[in-house]
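>>> Pasted the sequence and its predicted model underneath.
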Amino acid sequence: MSRSERLPGPGLAKVQRPPLLQRRHIELVTCSTGRLHALFDSADVLSEGSTRDEGGALVYYGSTSLHVALPPDAPLAALLDRALALDPHLRLRALRVAHREAVARAGGPLGPMQAEIRCGFAPRAAVVSFALTVDVTARVLITTDRTARA
């Protein structure tokens, strides 16, 4: 095969022997579940949404925001922001609250739900809070009279 017929890209290289030992430093962070649950119990919840008729099916579109006031001893650093954003327990709790709010507004049980969760610090007048916003889309399985009129 001539040089002009070869495929572009790197050529063959001699395989090097991998190192015997490798060192990696990682930092693990976890939130205190008890304190997190207590903060969520006092969170401000704001929801909006409605159903639309799409191709003969009723579909719910809505958004739920949770504002969790942080205690004064909470560190206001990127570490806390990242830990809260990635904590699966926190995300699941926010998703459950959003689902409960969506069912109440849709007027019937929902099918599989698609959700997008955004989170971050939300400075407010008196306290610093952590805000989670959950955007929800789901098909309403059974409608009641209330949703049929909406």
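Structure's in. What do you need? Residues are numbered from 1 along each chain as shown.
>>> Tyr91 contacts Ile117, correct?
For residue 91 the amino acid is Arg, not Tyr. Yes - in this structure, Arg91 is within contact of Ile117 by C-beta atoms under 8 Å, at 5.6 Å. Yep, even glycine has a C-beta here, placed from its N, CA and C like the rest.
>>> any residues in contact with both of those two?
Leu132 (C-beta atoms under 8 Å, 6 or more residues apart in numbering).
>>> dump the residue contacts of Arg52.
With C-beta under 8 Å, 6+ apart, Arg52 has these contacts: Leu58, Val59, Tyr61.
>>> and if we set it to 6 Å?
Each residue near Arg52 by C-beta atoms under 6 Å, 6 or more residues apart in numbering is listed here: Val59.
>>> Look up the residues forming beta bridges with it.
Assessed by DSSP bridges, Arg52 has beta-bridge partners Val59.
>>> same question, Met113
According to DSSP bridges, beta-bridge pairing links Met113 with Ala138.
>>> Surely it and Arg139 touch.
No - using C-beta atoms under 6 Å, Met113 makes no contact with Arg139, being 8.9 Å away.
>>> isn't there a helix covering Ala94?
Yes - when DSSP: H, G, I helix; E, B strand; the rest coil is applied, Ala94 is found to be in a helix.
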